[in-house]
Structure formats: structure tokens, C-alpha cells
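# no sequence for this one, just the structure:
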């Protein structure tokens, strides 16, 4: 039997992001814009990730995962590439994934900087 994931939508207060447990996913349009309010260490780590060959190989609807990201207490941060002009199939494929063994871990999805968010 499958158990649907509980989804709730709230306005995000970036001030508490550094202390948030679980997982964080950021929907990133092709331009690579990040949401405001990320801790400085996180922004620097994401800058290095965006410059990496690993990010250059990410296809639309897919993600690059950073384990134990700098500046956050989260266990993982996923950068999900979702261009602003993505079709519905690509947008559905972009759903952040849970790591094995952490299916019940709460995932915060930051989509405020994205047209499809």
C-alpha cells in the first residue's frame, strides 16, 4: 500500500532556514537565480556547485544533491534544474527525491524564485 506524501504550503521565513532539519530542495531556473535569505556559506557552496562539471551535466527536471550543505543543518540540499519554460512532463519529473532510508524526512521546497513554483 502506498502512503501519499503530506504537502503543505506556507510562506517561508528565510531567517530560520539555517536551523531547519530534514532536506531542502531549490527549484533553479536555467539562469541559476537563488532565493534570497540563504546563509552566506550556503550561497558560496552553491556558487561552487553551479561552476562544477556536475551541475553542467544536469538535465532539465533532474537534480544535483549536496550532502550536509555548508551553512545549513539540513542533511541534504537538492538543486533541481527547472527552466521557466519547462513543459508539464519536465515539471513533474523535477519533484525532489527522498534519499534511501529517509523517505519520511521532511523536504522544504524553495520555489519562490521560479515561474513554475
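Done, it's in. Given the structure is predicted, the values throughout are model-derived calculations rather than measurements.
# Just the buried positions in the longest helix seen in the chain, please.
Of all the segments of type helix in the chain, defined by DSSP state H, the longest one is helix 40-51. Of all the residues in helix 40-51, those buried under the rule 16 or more other Cβ atoms under 10 Å are 42, 45-46, 49. The way it works is simple: take the backbone N, C-alpha and C, and place the C-beta from them, glycine included.
# repeat for stretch 76-89
Using 16+ other Cβ under 10 Å as the burial criterion, the residues of stretch 76-89 that qualify are 76-83, 86.
# which residues of the protein fall in strands?
The residue ranges that make up the strands of the chain, judged by DSSP state E, are 23-28, 63-67, 76-81, 107-110.
# Deepest-packed of those, please.
Counting by mean count of other Cβ atoms under 10 Å, strand 23-28 has the highest mean neighbour count of the strands of the chain, with a mean of 24.
# could you say what helices and strands it packs with?
Contact here means 3 or more Cβ pairs under 8 Å, 6 or more residues apart in numbering; DSSP states H and E; on that basis strand 23-28 packs against strand 76-81, strand 107-110.
# how near is the residue lying closest to residue 93 once chain neighbours are set aside to residue 75?
Here the nearest residue to residue 93 in space, its sequence neighbours aside, is residue 61; by Cβ to Cβ, 6 or more residues apart in numbering that works out to 3.6 Å. Using Cβ to Cβ, to the nearest Å, one obtains 23 Å as the distance from residue 61 to residue 75.
# For residue 36, which of the strands of the chain is the nearest?
Each of the strands of the chain was scored for nearness to residue 36 using Cβ to Cβ, and the closest is strand 107-110 (10.1 Å).
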